[in-house]
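>>> My questions are about this predicted structure, shown below with the sequence.
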Amino acid sequence: MSVKTSSRLKWGSLVVLLGLLFISALLYVPKNTSVVDCTSDMNLELGKDDEKIVARIHLVVHFVPNELSYITEYGVVTYNNQRYIVDRYARLRYSDDNRHSFIEFKREGIDKNSAETLPDALSEKLTSAQKVFLFKVRKLRDGIWSISDLRRTVLICAKTD
């Protein structure tokens, strides 16, 4: 009789342990502090007629928590029948301390390469004057990220090999 009781206790303990492991796995949400390296193509059309801006820009995103991060931008902007080259990178910094699942990014500056011909006035129409942004960075699947602000998805980018 003691062998049966001992066997039942072992099986009961095993079932309880497996149940706790299952519940723990369901409740566990890993904190994503991994490096985000991805690329995306942005196609943008703003305005009408003579004021229409058409931009085709390739973005390379490199986000690292607590270190210098950047977004490299290169492409072409067409405005008023003129073509301008975009060739720059924005320096950003953020910590992996997120509040309400949003991460605070601080833009430290934009560095233009010598090939850029985009006038500052036109650049201001395309770039936010904000210095601090709140983004939610989510990994959608292996190698694909979504970057959203409070209202919309700002960028979907994928890792390229």
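Everything's here; your move. Numbering: from 1, shown residues only.
>>> For the rest of this, base every contact and every neighbour count on C-alpha atoms.
OK.
>>> mind listing the helices for this protein?
All helices of the chain, identified by DSSP state H, fall at 2-27, 120-126.
>>> Lowest mean pLDDT across those, which one is that?
Lowest mean pLDDT of the helices of the chain: helix 2-27, a mean of 50.
>>> Give the burial count for the residue lying closest to F135 once chain neighbours are set aside, as a bare number.
Distances taken as Cα to Cα, 6 or more residues apart in numbering put D149 closest to F135, at 4.7 Å, once the chain neighbours are dropped. By the measure other Cα atoms under 10 Å, the count of residues near D149 is 15.
>>> swap in E45?
Counted with other Cα under 10 Å, E45 comes out at 12.
>>> Centroid-nearest residue for the chain?
Computing the C-alpha centroid of the chain and ranking residues by Cα atoms, centre = their mean puts I147 first, at 3.8 Å.
>>> That one contacts L134, correct?
No - contact criterion Cα atoms under 8 Å: I147 and L134 do not qualify, at 10.0 Å.
>>> about what we covered before: pLDDT at the closest residue to the residue nearest to the centre of the chain other than its chain neighbours, what is it?
Once flanking residues are discounted, I147 sits nearest to V137: 4.7 Å by Cα to Cα, 6+ apart. The model reports V137 with a pLDDT of 85.
>>> L150 is in contact with V137, correct?
No - counting by Cα under 8 Å, V137 stays clear of L150, with 11.6 Å between them.
>>> out of the two, which sits in the busier spot?
When neighbours are counted by other Cα under 10 Å, V137 and L150 differ, and V137 comes out ahead with 21 against 11.
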